[in-house]
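*Asks:* I'd like to go over a predicted model; first the sequence, then the structure.
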Amino acid sequence: MIIRTRWESISSHDDDTFEAYCAVPDGGPGPAVIVFQEIFGINDNMRGLADRLAEEGFIALVPDMFWRLERRFERKDESGIGDAFAMVERFDFNAGVEDIRSVHAHALNMDECTGKVGVMGFCLGGGLAFAAATMSRVEGRGPDAAVPYYGSPVNGLLGRVDDLECPTMFHYGNHDPFIPEEAIAEVEQAVSAKAHVVFHRYDAGHAFSNWDAPSMYQADAAELAWSRTIEFLHRTLR
C-alpha cells in the first residue's frame with residue numbers, strides 16, 4: 001500500500017504546540033493508532049513502525065513526548081543511551097499525561113480518522129500507552145485498544161489498573177535487564193482477572209522490537225509480537 005507521511009501540529013493544553021510524525025494510507029481513512037516513543041525519541045525505528053501501521057490501513061501518529069525538553073530529540077541506537085536516560089530523568093510525567101490527552105483529542109478530530117483510536121508504545125512509551133489507556137479521556141471516552149511493549153513505568157501506574165477498560169495486549173521479554181521478573185509478574189497478576197487483557201512473554205530481553213539497537217533487537221520475538229499486535233488492532237479497531 002502507498003502511504004503518505006507528514007508532521008502534524010498539535011495544540012497543547014497550555015496554549016503551545018508540539019509535533020507528531022504522521023503516516024497515513026493513501027487509499028482512504030482508517031482508525032488511528034498513537035505510537036509512543038522509546039527513550040531514543042522519534043527515530044528511524046519509531047517512524048518505521050508508524051509506516052508499517054499505515055501500510056496496514058491505520059492512521060499512525062508518533063507524538064514528540066520530549067518536546068518540553070528538546071524538540072525532535074532523536075538518538076539512533078545504543079550509542080545515545082546516555083543522552084536518552086538524561087531526558088527520561090527530566091521528563092515530567094504529569095505534563096506528559098496532559099500531552100497524551102491532547103494527542104488523543106487531535107487524533108479523533110483528524111479528517112482521515114474513522115472514529116476509533118488505539119494506543120501503543122515501547123519502553124517509556126509502553127508506560128505512556130498504559131497511562132493513555134487508564135487516564136486519557138476525551139469527552140468521557142478512552143482509547144479503544146492499547147498495546148504496551150515492555151513498559152518500564154507500568155508498575156508505578158498499577159494504582160490505575162481498575163481504569164484499564166479497553167482491550168489491551170501486553171508484550172514483555174522474559175530476560176529484560178531493566179524490568180525484573182518480579183515486576184513483570186506484578187503487572188501480569190494485576191491484570192489477570194480482566195477478560196479483555198492478553199499478556200504475552202517472549203524469550204527475549206528489553207527493546208527486542210527495536211531494529212535500530214542491534215544488541216537488543218531479536219527478530220523472531222519482534223515479528224511474532226508484531227503479527228499479534230496487527231491482528232489485535234484490526235480486530236479491536238475495525
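*Replies:* Thanks, I have the structure now. Residues are numbered from 1 along each chain as shown.
*Asks:* ok, which stretches of this protein are helices?
*Replies:* 44-55, 81-90, 93-109, 124-135, 181-191, 219-237 (DSSP state H).
*Asks:* so for V147, which of these sits nearest?
*Replies:* With respect to V147, and counting by CB to CB, the nearest of the helices of the chain is helix 219-237 at 5.3 Å. Any C-beta I mention is one placed from the backbone N, CA and C, and that applies to glycine too.
*Asks:* which other residues reach the closest one?
*Replies:* Applying CB atoms under 8 Å, 6 or more residues apart in numbering, the external contacts of helix 219-237 come out as 31, 33, 52-53, 56, 58, 116-118, 120, 144-145, 147, 149, 166-167, 169, 171, 173, 198, 200, 202-204, 208-209, 211.
*Asks:* re earlier: and of the helices of the chain, who's closest to G156?
*Replies:* In terms of CB to CB, the element of the helices of the chain nearest to G156 is helix 124-135, at 7.8 Å.
*Asks:* show me which residues of the closest one are buried.
*Replies:* Neighbour-count burial for helix 124-135 flags L124, G125, G126, G127, L128, A129, F130, A131, A132, A133, T134 (criterion: 16 or more other CB atoms under 10 Å).
*Asks:* please apply the same query to stretch 56-71.
*Replies:* 56-68.
*Asks:* off-centre distance for the lowest-mean-pLDDT helix or strand in the chain?
*Replies:* Least confident helix or strand of the chain, by mean pLDDT, DSSP states H and E, is helix 81-90 with a mean of 95. Counting by CA atoms, centre = their mean, to the nearest Å, helix 81-90 is centred 18 Å from the centre of its parent chain.
*Asks:* could I get that helix in CSV with only the CA atoms?
*Replies:* Only the C-alpha atoms of helix 81-90 are listed here, as CSV (Å, rounded to 0.1, in the frame of the first residue of the first chain):
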residue,chain,number,x,y,z
ILE,A,81,21.6,5.8,25.6
GLY,A,82,23.3,8.2,28.0
ASP,A,83,21.5,11.2,26.4
ALA,A,84,18.3,9.3,26.3
PHE,A,85,18.4,8.4,30.0
ALA,A,86,19.2,12.0,30.8
MET,A,87,16.0,13.0,29.0
VAL,A,88,13.9,10.5,30.9
GLU,A,89,15.2,11.8,34.2
ARG,A,90,14.0,15.3,33.3
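*Asks:* that helix to helix 124-135, inter-axis angle?
*Replies:* 20 degrees (axes from the mean of the first three to the mean of the last three CA atoms, to 10 degrees).
*Asks:* contacts for helix 81-90, please.
*Replies:* E38, I39, F40, G41, F66, L69, E70, F73, R75, L124.
*Asks:* apply 7 Å and report the result again.
*Replies:* With CB atoms under 7 Å, 6 or more residues apart in numbering as the test, helix 81-90 has contacts from I39, F40, F66, L69, F73, R75, L124.
*Asks:* how many neighbours does K194 have?
*Replies:* A total of 15 residues lie near K194 under the criterion other CB atoms under 10 Å.
*Asks:* with S209 instead?
*Replies:* Neighbour tally, S209, other CB under 10 Å: 27.
*Asks:* can you pull the pLDDT of it?
*Replies:* On pLDDT, S209 comes in at 97.
*Asks:* residue contacts, it?
*Replies:* Contacts of S209 (CB under 7 Å, 6+ apart): F122, Y149, A222, A225.
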